[in-house]
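**Student:** what's the 3D shape of this:
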Amino acid sequence: MTITAVTFAFQGYAELWKVACELEKIEALNFGSSGFRSDFIADELTRRSGVAVLLLDDGKVVGYTAAMSAKEAYTLDPHYYGRDFDQAAYISNSSIHPDYQHKRYIWLMMDMLEEGLRQKGYLFLDRDTKSDLGYADKVISHYGKRVVFANQPELTMWGFQRYIRISL
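**Tutor:** Below you'll find the model as predicted:
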(Lines give C-alpha, C1' and ligand atoms only; values in the text may rest on other atoms or scores of the structure.)
Protein backbone atom coordinates (compact mmCIF):
# COMPACT_ATOMS: atom_id res chain seq x y z
CA MET A 1 0.00 0.00 0.00
CA THR A 2 1.38 3.39 -1.06
CA ILE A 3 -0.69 6.39 0.04
CA THR A 4 -0.10 9.64 -1.83
CA ALA A 5 -1.88 12.94 -2.26
CA VAL A 6 -1.72 14.67 -5.62
CA THR A 7 -3.09 17.90 -6.95
CA PHE A 8 -5.71 17.01 -9.52
CA ALA A 9 -4.60 17.88 -13.05
CA PHE A 10 -7.32 17.70 -15.70
CA GLN A 11 -6.19 15.24 -18.41
CA GLY A 12 -9.42 14.96 -20.38
CA TYR A 13 -13.10 14.28 -19.88
CA ALA A 14 -12.76 10.50 -19.67
CA GLU A 15 -10.33 10.72 -16.77
CA LEU A 16 -12.35 13.49 -15.11
CA TRP A 17 -15.58 11.45 -15.18
CA LYS A 18 -13.86 8.27 -14.02
CA VAL A 19 -12.44 10.09 -10.98
CA ALA A 20 -15.72 11.95 -10.32
CA CYS A 21 -17.69 8.69 -10.41
CA GLU A 22 -15.28 7.02 -7.97
CA LEU A 23 -15.59 10.00 -5.64
CA GLU A 24 -19.39 9.89 -5.88
CA LYS A 25 -19.24 6.32 -4.54
CA ILE A 26 -17.10 7.52 -1.62
CA GLU A 27 -19.55 10.36 -0.99
CA ALA A 28 -22.41 7.83 -0.87
CA LEU A 29 -20.53 5.67 1.64
CA ASN A 30 -19.99 8.69 3.88
CA PHE A 31 -23.16 10.72 3.40
CA GLY A 32 -25.75 8.38 1.88
CA SER A 33 -28.20 10.00 -0.50
CA SER A 34 -27.07 13.50 0.53
CA GLY A 35 -23.55 12.94 -0.82
CA PHE A 36 -22.38 14.99 -3.78
CA ARG A 37 -23.00 13.64 -7.27
CA SER A 38 -20.35 13.17 -9.96
CA ASP A 39 -21.36 16.29 -11.94
CA PHE A 40 -20.88 18.52 -8.87
CA ILE A 41 -17.60 16.77 -8.02
CA ALA A 42 -16.33 17.21 -11.60
CA ASP A 43 -17.04 20.95 -11.29
CA GLU A 44 -15.13 21.05 -7.99
CA LEU A 45 -12.14 19.24 -9.48
CA THR A 46 -11.84 21.67 -12.41
CA ARG A 47 -12.80 25.01 -10.83
CA ARG A 48 -10.30 27.66 -11.99
CA SER A 49 -10.50 29.65 -8.75
CA GLY A 50 -9.61 26.64 -6.66
CA VAL A 51 -7.44 23.66 -5.96
CA ALA A 52 -8.41 19.98 -5.72
CA VAL A 53 -6.33 17.22 -4.15
CA LEU A 54 -6.86 13.48 -4.57
CA LEU A 55 -5.86 10.84 -2.03
CA LEU A 56 -4.57 7.73 -3.80
CA ASP A 57 -3.71 4.23 -2.67
CA ASP A 58 -1.48 2.64 -5.31
CA GLY A 59 -3.16 4.87 -7.89
CA LYS A 60 -6.74 4.12 -6.77
CA VAL A 61 -8.76 7.18 -5.71
CA VAL A 62 -9.74 6.87 -2.04
CA GLY A 63 -10.53 10.49 -1.16
CA TYR A 64 -10.40 14.13 -2.11
CA THR A 65 -10.65 17.67 -0.91
CA ALA A 66 -11.42 20.79 -2.91
CA ALA A 67 -11.42 24.51 -2.26
CA MET A 68 -12.54 27.48 -4.30
CA SER A 69 -12.60 31.23 -4.04
CA ALA A 70 -14.59 32.11 -0.93
CA LYS A 71 -16.12 34.96 -2.89
CA GLU A 72 -17.49 32.44 -5.37
CA ALA A 73 -18.77 30.16 -2.59
CA TYR A 74 -20.32 32.90 -0.50
CA THR A 75 -22.17 34.56 -3.35
CA LEU A 76 -23.71 31.23 -4.39
CA ASP A 77 -25.40 30.57 -1.04
CA PRO A 78 -27.28 33.06 1.18
CA HIS A 79 -26.14 31.09 4.26
CA TYR A 80 -22.78 32.83 3.83
CA TYR A 81 -23.94 36.41 3.32
CA GLY A 82 -22.04 38.86 5.48
CA ARG A 83 -18.78 36.92 5.64
CA ASP A 84 -15.60 38.64 4.50
CA PHE A 85 -14.29 36.80 1.47
CA ASP A 86 -11.34 38.89 0.28
CA GLN A 87 -8.21 36.78 -0.19
CA ALA A 88 -9.92 33.67 1.21
CA ALA A 89 -10.52 30.23 -0.22
CA TYR A 90 -13.35 28.02 0.99
CA ILE A 91 -13.17 24.24 1.38
CA SER A 92 -16.22 23.08 -0.51
CA ASN A 93 -15.77 19.44 0.42
CA SER A 94 -13.53 16.72 1.78
CA SER A 95 -14.38 13.03 1.68
CA ILE A 96 -12.31 9.92 2.38
CA HIS A 97 -13.32 6.29 1.92
CA PRO A 98 -14.28 4.89 5.36
CA ASP A 99 -11.43 2.34 5.24
CA TYR A 100 -8.94 5.25 5.14
CA GLN A 101 -10.50 7.50 7.77
CA HIS A 102 -8.99 8.20 11.19
CA LYS A 103 -5.46 7.66 9.86
CA ARG A 104 -4.51 11.34 9.50
CA TYR A 105 -4.66 11.24 5.69
CA ILE A 106 -6.85 14.34 5.74
CA TRP A 107 -3.82 16.37 6.89
CA LEU A 108 -1.72 15.04 4.00
CA MET A 109 -4.36 16.34 1.60
CA MET A 110 -4.73 19.61 3.52
CA ASP A 111 -0.99 20.30 3.30
CA MET A 112 -1.10 19.98 -0.49
CA LEU A 113 -4.33 21.95 -0.74
CA GLU A 114 -2.92 24.80 1.33
CA GLU A 115 0.27 24.96 -0.75
CA GLY A 116 -1.77 25.15 -3.94
CA LEU A 117 -3.95 27.90 -2.47
CA ARG A 118 -0.90 29.90 -1.36
CA GLN A 119 0.45 29.66 -4.92
CA LYS A 120 -2.84 31.13 -6.15
CA GLY A 121 -2.42 34.08 -3.76
CA TYR A 122 -4.94 33.20 -1.05
CA LEU A 123 -4.17 34.31 2.51
CA PHE A 124 -6.96 32.49 4.36
CA LEU A 125 -8.73 29.16 4.24
CA ASP A 126 -12.37 29.05 5.39
CA ARG A 127 -14.31 25.93 6.21
CA ASP A 128 -17.50 24.82 7.87
CA THR A 129 -16.74 21.78 9.97
CA LYS A 130 -19.05 19.29 11.65
CA SER A 131 -19.00 19.95 15.37
CA ASP A 132 -20.36 16.60 16.50
CA LEU A 133 -17.94 13.87 17.54
CA GLY A 134 -15.29 16.53 18.19
CA TYR A 135 -14.12 16.95 14.57
CA ALA A 136 -14.25 20.76 14.64
CA ASP A 137 -12.22 20.73 17.86
CA LYS A 138 -9.61 18.50 16.18
CA VAL A 139 -9.36 20.93 13.25
CA ILE A 140 -8.93 23.89 15.62
CA SER A 141 -6.33 22.00 17.66
CA HIS A 142 -4.42 20.96 14.53
CA TYR A 143 -4.14 24.51 13.21
CA GLY A 144 -3.49 26.11 16.61
CA LYS A 145 -2.39 29.73 16.34
CA ARG A 146 -3.20 29.76 12.63
CA VAL A 147 -6.92 29.80 13.51
CA VAL A 148 -8.03 33.39 12.97
CA PHE A 149 -11.66 32.81 13.91
CA ALA A 150 -13.95 29.97 14.95
CA ASN A 151 -17.61 30.45 15.80
CA GLN A 152 -19.66 28.42 18.23
CA PRO A 153 -21.57 25.45 16.78
CA GLU A 154 -24.65 26.47 14.83
CA LEU A 155 -27.40 24.38 13.32
CA THR A 156 -27.18 24.32 9.52
CA MET A 157 -28.84 22.22 6.85
CA TRP A 158 -25.88 19.83 7.29
CA GLY A 159 -26.24 19.53 11.08
CA PHE A 160 -24.27 21.37 13.75
CA GLN A 161 -21.19 23.01 12.26
CA ARG A 162 -18.51 25.54 13.14
CA TYR A 163 -17.19 28.12 10.70
CA ILE A 164 -13.39 28.29 10.99
CA ARG A 165 -10.97 30.69 9.28
CA ILE A 166 -7.33 29.61 9.05
CA SER A 167 -4.35 31.72 8.07
CA LEU A 168 -2.39 30.28 5.19
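
**Student:** Check which helices and strands the worst-scoring helix or strand of the chain on mean pLDDT is in contact with.
**Tutor:** Using mean pLDDT, DSSP states H and E, the weakest-scoring helix or strand in the chain turns out to be helix 70-76, at a mean of 74. Secondary-structure packing of helix 70-76 (3 or more CB pairs under 8 Å, 6 or more residues apart in numbering; DSSP states H and E): strand 88-96, strand 124-130. Where you see a C-beta, it was placed from the backbone N, CA and C, and this is true even at glycine.

**Student:** where are the low-confidence patches of this structure?
**Tutor:** 1, 75-84 (pLDDT under 70).

**Student:** residue boundaries of the strands in it?
**Tutor:** Secondary structure of the chain by DSSP state E: the strands cover 3-7, 51-57, 60-69, 88-96, 124-130, 147-150, 154-156, 159-167.

**Student:** Give me the angle between the fifth one and strand 60-69.
**Tutor:** Angle of strand 124-130 versus strand 60-69, following axes from the mean of the first three to the mean of the last three CA atoms, to 10 degrees, is 120 degrees.

**Student:** Who are the packing partners of strand 124-130?
**Tutor:** On a contact count with 3+ CB pairs under 8 Å, 6+ apart, strand 124-130 meets helix 70-76, strand 88-96, helix 105-119, helix 135-143, strand 159-167.
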